[in-house]
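the sequence isn't on hand, but the structure is:
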């Protein structure tokens, strides 16, 4: 007959048991929560999956489109973060669990899962008992072969996202336009976003060990990129990026971020960009931005955001906007350089502002090709970005 | 025949003209905007009234219940703030006007009103023309006789507001309870707020030149006090307070804040407060607050916020809360002092939190008079505040 001590018997009834550093736990829970949607139709996806192995604790959150995995290692830089007594796994309700770990009083938390999936969280004088869900029901993350791998520094990836994702479509009439189109050719990444009224394009050099790496029509949902951007710290560590037929995986330190890709063919955008210029102006980015912001104060109420631009004889620009019931605004914007023909054109001022806010250049160049044609806005100080806008007919 | 120069003729057609310091103008506009409701049925009250005299510029905003007047003097501490060319007045649409002055490019703004009430705002390269409204249509502010005057330092007034207004009723079933009841007797101000489940009371000494000043049932709408609190800077200047039959006026430097009073009789609250104690506990405010906050995590979803308290044999308190579908929380709270009988009681934890957050005392004393009776929570470090709570029946 097998003789067990009381302590051993107690361990035997526990499905999982570990003690963890609270701040690390809070941060990981916040990260994986970004993937969780309260509107999911799959009950187990309202939860966070917690898996304890002797290496550390892995948290997972998913809404089927985005899945995030955060790993807390046993030790980090000689600091012990987790003490595992019994490895195991559980799924806990995401929202309430996230709030609890944030408010627990002490710097460590003890997590104990009993036979019945009841989970006890202990910290100082505080004890929570939560009803867990069966981890066996939690869907598996996609398995991704590491074939098409390239990498980017985190801060560059964050800039690329910030400088393109604002231009995606927010309406579902053409779902493919709700994503950002990524392609790689000759070691250069091109990211394109458009809602069919304006277009943002961003180039970047990438590092890769895959010889001759090249792909196109990899369309990442704008929502995925926004969530990824929130999680990533602004640092210069490298992120590995792996592309498959229907998934993209971003691998950072102790973090995996999976997103499904959008189905369908992204429209050909290269030929849309005019190559010549009939009127060219160079402007101070900040002054131009502020003039358009003020002009918008009088065009926003009509919801059309229409702003008018006119070249003046003195070589400056006049920006105007009118709402008959309220009034009119006139802005005089100095051109640092002016070439070509006179012009009157109207456009959506909000779209111009979105571009000017991410352009990272103290001066910008605009090339017009007539009042009815799309125009190009580019930074003066670098050539890795381009913005294209349709004019608005006002008569 | 009268000969006018061109300049004189131009002045003749201007109804108002002045140049003003932008930052002062922005702040005054923000202050008076607090009184303006976009839902008003009186069109002229959607605007800000601007009046220029040779002393300075006066701005007024009002929703009939609250009226705010802000004065920008010609000079302040030897700095010229306003340069008046033509005195006059106009009413400008509040929201768009507030946004414009905030975004104008230069440190001064020129304001010119033409014959037709069209108003020009000029600043640097920016020119706005706004359709004004007739200042003759703007209602007059109440005339208040300075009879019942007393005064408080601004920071004390702000504390009094913060420590009572949270307890007013937010439902309109008993309108009188949406206000805070102020009374003065023997130089002592008593402010009471209750939603009939909890009550907050605050005392303060006041300064007055009115011999034997005494009043009661001055019920100030909670909304008015909240707006007043937002405008006042946390400083130690004195504020004059003047009470009439249906109005209260707060007079700060360059600022008048009028509020109508609520009609009706405020319920007698003095006799509601129990004077004896069957169970008395003294607690660390912060630890008690955090324990209740955690307990609420599991009672909030049911929307009832019920938290249970039990005295334990070791002289501590056990705080618990249960939502059957989610789980249970148990908190152990140390009593610094314990007197009297054992007790089990349930209450609305949210109400306790509201009180603990404003109590400004590191320790609190609670006196219970049985599981079914209201209980009193008081700061240990001062005696100018008292909170009363009804228990909740849980069976």
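Yep, it's here. In this text, all values refer to a predicted model and were calculated from it rather than measured experimentally. Numbers count the residues shown, from 1 in each chain, chains lettered A, B, ... in the order given.

strands of the stretch 101-250 of chain A, start to end?
Using DSSP state E, counting those that start in this stretch, the strands of the stretch 101-250 of chain A run over A:108-114, A:118-123, A:126-131, A:148-153, A:179-185, A:188-194, A:198-205, A:207-208, A:215-221, A:238-243, A:247-252.

same for the helix or strand just after the last one, what does it pack against?
Read it as strand A:247-252. Where DSSP states H and E defines the elements, the next helix or strand beyond strand A:247-252 is strand A:255-260. Of the remaining helices and strands, those touching strand A:255-260 by 3 or more Cβ pairs under 8 Å, 6 or more residues apart in numbering or on different chains; DSSP states H and E are strand A:66-73, strand A:215-221, helix A:222-231, strand A:247-252. Heads up, the C-betas are built off the backbone N, CA and C, glycines and all.

and the strands of the stretch 101-250 of chain A: which comes nearest residue B:255?
strand A:198-205 (45.2 Å; Cβ to Cβ).

residues contacting the residue nearest the centre of chain A?
What sits nearest the mean C-alpha location of chain A, by Cα atoms, centre = their mean, is residue A:226, with 2.1 Å. For residue A:226, the contacting residues are A:161, A:165, by Cβ atoms under 8 Å, 6 or more residues apart in numbering or on different chains.

could you measure it against chain B, distance?
To chain B, residue A:226 is 27 Å away according to Cβ to the nearest Cβ, to the nearest Å.

what does chain A put close to chain B?
Contact residues, chain A versus chain B (Cβ under 8 Å from any Cβ of the partner chain): A:93, A:96, A:99-100, A:103-105, A:118, A:125-131, A:290-291, A:293-294, A:297-298, A:301, A:325-334.

before we move on, the earlier item: what's the most buried one of the helices and strands packed on strand A:255-260?
Comparing the helices and strands packed on strand A:255-260 by mean neighbour count (mean count of other Cβ atoms under 10 Å in any protein chain shown), strand A:66-73 ranks first with a mean of 22.

contacts for that strand, please.
Residues contacting strand A:66-73 (Cβ under 8 Å, 6+ apart): A:20-21, A:24-25, A:27-28, A:31-32, A:34-35, A:55-62, A:81-82, A:141-142, A:223-224, A:227, A:231, A:254-260.

and residue A:252, bridged to which residues?
In this structure, residue A:252 bridges to residue A:255 when assessed by DSSP bridges.

isn't it up against residue A:154?
Yes: Residue A:252 lies in contact with residue A:154 (Cβ atoms under 8 Å); the separation is 6.8 Å.

give me the common contacts of the two.
By Cβ under 8 Å, 6+ apart, the residues touching both residue A:252 and residue A:154 are A:232, A:237, A:239.

what is the burial count for the last one?
Under the neighbour criterion other Cβ atoms under 10 Å in any protein chain shown, residue A:239 is assigned a count of 20.

residues of stretch A:369-378 that come out buried?
A:369, A:371, A:374, A:375, A:376, A:377, A:378 (16 or more other Cβ atoms under 10 Å in any protein chain shown).

in CSV: those, plus secondary structure.
Converted to CSV, those look like this (DSSP: H, G, I helix; E, B strand; the rest coil):
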residue, secondary structure
A:369, coil
A:371, coil
A:374, coil
A:375, strand
A:376, strand
A:377, strand
A:378, strand
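
buried ones in the strand or helix carrying residue A:309, by neighbour count?
For residue A:309, the host element (DSSP H and E) is strand A:306-311. Applying a neighbour-count criterion of 16+ other Cβ under 10 Å, one finds A:306, A:307, A:308, A:309, A:311 buried in strand A:306-311.

outline the domain layout of chain A.
Domains of chain A are assigned by automatic domain parsing as A:6-137, A:149-248, A:273-389.

distance to residue B:201 and mean pLDDT added to those, as a markdown table?
What follows is the domains of chain A, written out as a markdown table (distance: least, Cβ to Cβ, whole Å; pLDDT from 0 to 100):
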| stretch | distance to residue B:201 | mean pLDDT |
| --- | --- | --- |
| domain A:6-137 | 30 | 93 |
| domain A:149-248 | 45 | 94 |
| domain A:273-389 | 46 | 94 |
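
for residue B:188, which of the ones you listed is the nearest?
domain A:6-137 (39.2 Å).

what about that closest one, distance to the chain center?
25 Å (Cα atoms, centre = their mean, to the nearest Å).

with stretch A:199-216 instead?
18 Å.

show residues contacting that stretch.
Surrounding stretch A:199-216, the residues in contact under the criterion Cβ under 8 Å, 6+ apart are A:147-152, A:156, A:159-160, A:163-164, A:166-167, A:182-194, A:238, A:243, A:269, A:272-273, A:355, A:358, A:383-389.

also stretch A:299-313?
A:279, A:281, A:292, A:295-296, A:317-323, A:326, A:332, A:338, A:342-352, A:392, A:394, B:96.

any of the residues you listed buried? List them.
Among the contacts of stretch A:299-313, those classed as buried by 16+ other Cβ under 10 Å are A:279, A:281, A:292, A:295-296, A:317-323, A:326, A:338, A:343, A:345-352, A:392, B:96.

helices - which of those residues land there?
In helices, judged by DSSP state H, the following of the buried ones among the contacts of stretch A:299-313 are found: A:292, A:295, A:296, A:349, A:350, A:351, A:352, B:96.

residue A:241 is in contact with residue A:153, isn't it?
No: here residue A:241 lies out of contact with residue A:153, judged by Cβ under 8 Å, at a distance of 11.6 Å.

the two: who's more crowded?
Under the criterion of other Cβ under 10 Å, the comparison of residue A:241 against residue A:153 puts residue A:241 first, with 22 against 15.
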